[in-house]
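Next input, structure requested:
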Amino acid sequence: MDHLREKYLTAIADAADEAALEALRVQAVGKKGDVSARMRELGKMTAEERQVAGPKLNALKDEINSALAARKAALGDAALDERLKGEWLDVTLPSRAHQVGTIHPVSQVTEEVSAIFADMGFAVAEGPQIESDWYNFDALNIPDHHPARGEMDTFYMAREEGDNRPPHVLRTHTSPVQIRSMMDQGAPIRIIAPGRVYRADYDQTHTPMFHQVEGLAIDRDISMANLKWVLEQFFTAFFGTEVKTRFRASHFPFTEPSAEVDIQCSWEGGTVKVGEGDDWLEVLGSGMVHPHVLRSAGIDPDEWQGFAFGIGIDRLAMLKYGIPDLRAFFDSDLRWLRHYGFSALEVPTLHGGV
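Reported below is the predicted structural model:
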């Protein structure tokens, strides 16, 4: 047994690879191995001889198996070391660029507008994009002969055969949200209504679908002076500089009196700069809510009055961030989105800056 121990422990220690180690295992402790052959000879021995030889053979078998396992682990560690020497990694290299999506300018400006008006006490209201003829036109004092009701300007939904009711429309403004909000909440009320609107128009500054935000404030003593203050405060916060406004008399069916609002600007090198210069740029329509609109929403115009205004979110984005073509907003061009997009962490707040 001492001869077998010396023979196999030496051979195991000198094994160069796992294949040689497996051959030694079979030769030593396999079914036909030397140790197994010796254990089969125990049956020919006397009881006294078996008591001596049996434990020694078991101990020899365990020792060889332990040596085999230890050598196998050592060979594995050596192979791993050689692999690591060949497969090195420079941990000082910068990581691979990770593509991260961006916030669309329309979404960013919508959040900016909402944050500014929320600070002035306006809540955000929403409504359906498919509206009835009554909400979109009649309740807003838009007569049947008005050009806005023509199929050249408005997208009408198909009607079922035999249905004589006026067809539904893709809303042409978010003003129906004002009607719905006044009917639900009554007066006083102070809301803005941002959302998608649809008109049959397409050029550099118009698209069939665009975004608009409308404002509404109804109370007992609201006047045009309040409207002017709100708009000037909004523009100053939005553009980050004091912005003067100019009101020009106009006409809208849903307001009386009505005014188009211009903001102070200058033109230099083909770009517009808001809040400086001697030029003016028209940006929105506004006015005092027409009594017919108040009655349609169930509010007594003899007791309540207020102002309303509407402005394009896309146009605000173009002015603030120097975007020349409105159509690019909807092209889904990744290069454009990466250039004009915003980080998801750039959440607009008044204290952090919009």
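
Can you tell me the element M318 falls in?
helix 313-321 (DSSP states H and E).

elements contacting that helix?
Judged by 3 or more CB pairs under 8 Å, 6 or more residues apart in numbering; DSSP states H and E, helix 313-321 is in contact with helix 105-119, strand 209-219, helix 224-239, strand 271-274, strand 279-289. Using the backbone N, CA and C atoms, a C-beta is placed for each residue, glycine as well.

can you rerun that using 6 Å?
When contacts are defined as 3 or more CB pairs under 6 Å, 6 or more residues apart in numbering; DSSP states H and E, helix 313-321 sits against helix 105-119, strand 209-219.

so of these, which one's packed in deepest?
strand 209-219 (a mean of 22; mean count of other CB atoms under 10 Å).

Now that one: average pLDDT?
Averaged over strand 209-219, pLDDT sits at 94.

can you put the helices and strands packed on helix 313-321 in CSV and add distance to E63?
What follows is these, written out as CSV (distance: least, CB to CB, whole Å):
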stretch, distance to E63
helix 105-119, 73
strand 209-219, 82
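
what about the ones you listed, which gets the closest to A70?
helix 105-119 (63.9 Å; CB to CB).

ok, residues contacting the closest one?
Outside of helix 105-119, the residues within contact range by CB atoms under 6 Å, 6 or more residues apart in numbering are 124, 192, 194, 211, 213, 234, 237, 313, 316-317, 340, 342, 348-350, 354.

Just the CA atoms of the lowest-mean-pLDDT helix or strand in the chain, as PDB, please.
Every helix and strand in the chain was compared by mean pLDDT, DSSP states H and E; the lowest is helix 34-40, with a mean of 78. C-alpha atoms of helix 34-40 as PDB (Å, rounded to 0.1, in the frame of the first residue of the first chain):
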ATOM      1  CA  ASP A  34      -5.200  -1.000  -8.500                       C
ATOM      2  CA  VAL A  35      -6.900   0.000  -5.300                       C
ATOM      3  CA  SER A  36     -10.200  -1.600  -6.400                       C
ATOM      4  CA  ALA A  37      -8.300  -4.800  -7.200                       C
ATOM      5  CA  ARG A  38      -6.800  -4.800  -3.700                       C
ATOM      6  CA  MET A  39     -10.200  -4.300  -2.100                       C
ATOM      7  CA  ARG A  40     -11.500  -7.300  -4.000                       C
END
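
Show the pLDDT at G270.
G270 is given a pLDDT of 73.

if I look at it, how far off is D279?
Counting by CB to CB, to the nearest Å, the gap from G270 to D279 is 13 Å.

and stretch 325-333, what's its mean pLDDT?
Rounded mean pLDDT across stretch 325-333 is 85.

how far does that stretch stretch from start to finish?
13 Å (CA to CA, to the nearest Å).

Relative to F342, how far out is the most centrally placed residue in the chain?
Nearest to the mean C-alpha position of the chain, by CA atoms, centre = their mean, lies I103 at 6.0 Å. Separation of I103 from F342 (CB to CB): 4 Å.

Double-check that R165 belongs to a helix.
No - if the criterion is DSSP: H, G, I helix; E, B strand; the rest coil, then R165 is coil and not within a helix.

buried stuff in stretch 328-345?
For stretch 328-345, burial by neighbour count (16 or more other CB atoms under 10 Å) applies to 328-329, 337, 340-342.

Likewise for stretch 197-207?
Within stretch 197-207, judged by 16+ other CB under 10 Å, the buried ones are 197-199, 207.

would TSV of those residues with distance to L140 be doable?
TSV is the format used below for those (distance: CB to CB, whole Å):
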residue	distance to L140
V197	13
Y198	16
R199	15
T207	23
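
export those to a markdown table and tack on secondary structure and distance to L89?
Putting the buried residues of stretch 197-207 into a markdown table (DSSP: H, G, I helix; E, B strand; the rest coil; distance: CB to CB, whole Å) gives the following:
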| residue | secondary structure | distance to L89 |
| --- | --- | --- |
| V197 | strand | 55 |
| Y198 | strand | 55 |
| R199 | coil | 58 |
| T207 | coil | 50 |
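
returning to that earlier point: and the residue nearest to the centre of the chain, what is it in contact with?
Going by CB under 6 Å, 6+ apart, the list of residues near I103 reads 341-342, 344.

Which member of those is positioned nearest K61?
For the contacts of I103, with K61 as the reference and CB to CB as the criterion, the closest is A344, at 65.6 Å.

okay, the closest one: pLDDT?
80.

could you say which helix or strand contains the residue nearest to E282 when sequence neighbours are not counted?
Excluding the flanking residues, the one nearest E282 by CB to CB, 6 or more residues apart in numbering is D262, at 5.1 Å. Per DSSP H and E: D262 is located in strand 255-268.

thinking again about what came up before, so between G270 and D279, which is more surrounded?
The neighbour comparison of G270 against D279 (other CB atoms under 10 Å) goes to D279, with 13 against 6.

Nothing else from me, thank you.
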